[in-house]
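Student: could you look at this predicted model? Sequence included:
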Amino acid sequence: MPRRPAGNTDQPPAQGDIYEQIVDALVDQRILPGTRLNELALCEVFKVSRREMEKVLLRLSFNGLVTLIPNRGAFVASSDANEARAILSARKTVEAGIVEAVALRASGADFKRLEQNIAREDECRHAGRIREAIKHSGEFHILLAEITGNPILCDLMKQLVARTSLVVSLYENPNGLSCWHGDHATLLKHLRAHKARPAMNLMQRHLDHLEESLVFTPQADTSTDLRTIFRRGER
């Protein structure tokens, strides 16, 4: 079920919904690293009190997505090169286990969900809707975690995917490798055949290629209008 767009209802969204909407905006790179999350603007957009918004920002900070600076406010996390590599290293370790579990337990219905996700990503890329494609690409990895049936892994992957998206928006080289975008379809073939080791090896290469496509010189534009992002439903 789609989340309610902010600003289109008289009823304020719950804190969890606000959190998810902000994370979605981070994942599909509508809000970039270093952006100041103006608390008053967010309160106005989501029609909630400052106390409620503070709780959302604290949760984002706890999950490494936002940095809270005393007397300055909340800023979208901006990882240095070492932290960026650590995030990708964590993903390689975690997703190896996830892929192994999926290869051993996935059913036809699970494969269908993954297949539909890949089709949506391909459609968005071919149509030039890159932000939507990025979102679907991240969702593929979250779907894999969901298929394991382990809610802790699922929550962890949501966090890692969001942090990776911030890293990519900071360091991606427009002229770098792009072949890794097609790895999901190949991975699905290995999973359908219940070939755990080839699937694990491909996931390792997939994340290696992603890391190799990065150039660790940040070029983020932080001139973001939060009201525009959340009011006009650019989701």
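Tutor: That came in fine, so what should we check first?
Student: which one's the longest helix in this structure?
Tutor: Longest helix in the chain, counting residues (DSSP state H): helix 81-105.
Student: show me how far it is from its chain's centre.
Tutor: 14 Å (CA atoms, centre = their mean, to the nearest Å).
Student: just stretch 70-78 next, same as before
Tutor: 20 Å.
Student: same check, this time on stretch 94-114
Tutor: The mean C-alpha position of stretch 94-114 is separated from the chain mean by 19 Å, CA atoms, centre = their mean.
Student: ok, stretch 22-39 next?
Tutor: 11 Å.
Student: make 6 the first number, not 1, from now on.
Tutor: Noted, 6 is the first residue going forward, which turns the last one into stretch 27-44.
Student: list the buried residues in that stretch.
Tutor: Residues of stretch 27-44 classed as buried by neighbour count (16 or more other CB atoms under 10 Å): 27-40, 42-43. (Glycine included, C-beta is placed from N, CA and C.)
Student: what of stretch 69-78?
Tutor: 69-72.
Student: now swap in stretch 90-97 and tell me
Tutor: For stretch 90-97, burial by neighbour count (16+ other CB under 10 Å) applies to 92-93, 96.
Student: about what we covered before: hmm, who's touching the longest helix of the chain?
Tutor: 84, 115, 146, 149-150, 152-155, 158, 161-162, 165, 168-169, 172, 175-176, 192, 195-196, 199-201, 204-205, 208-209, 212-213, 215-216, 219, 221 (CB atoms under 8 Å, 6 or more residues apart in numbering).
Student: mind checking which of those residues are buried?
Tutor: Buried among the contacts of helix 86-110 (16+ other CB under 10 Å): 84, 115, 146, 149-150, 152-153, 158, 161-162, 165, 168-169, 172, 175-176, 192, 195-196, 201, 204-205, 208, 212, 215-216, 219.
Student: and residue 23, what does it touch?
Tutor: 11, 47, 51, 53, 57-58, 61.
Student: closest to residue 136 out of these?
Tutor: Distance ranking of the contacts of residue 23 against residue 136, using CB to CB, places residue 11 first at 17.2 Å.
Student: pretty sure residue 175 contacts residue 82?
Tutor: No - if you go by CB atoms under 8 Å, residue 175 and residue 82 don't touch, sitting 9.8 Å apart.
Student: just to revisit the earlier point, which ones among the contacts of helix 86-110 are found in helices?
Tutor: Reading helices off the contacts of helix 86-110 with DSSP H, I get 115, 146, 149-150, 152, 158, 161-162, 165, 168-169, 172, 175-176, 192, 195-196, 201, 204-205, 208-209, 212-213, 215-216.
Student: max pairwise distance over the contacts of residue 23: which two?
Tutor: Once CB to CB is applied, the contacts of residue 23 give 11 and 57 as the farthest pair, at 13.4 Å.
Student: which one of those two has more residues nearby?
Tutor: residue 11 (24 against 18; other CB atoms under 10 Å).
Student: per-residue pLDDT, that one?
Tutor: In this model, residue 11 is scored at 50, pLDDT.
Student: how about residue 154?
Tutor: For residue 154, the model assigns a pLDDT of 96.
Student: same deal with residue 235?
Tutor: For residue 235, pLDDT reads 73.
Student: isn't it up against residue 29?
Tutor: No - contact criterion CB under 8 Å: residue 235 and residue 29 do not qualify, at 10.0 Å.
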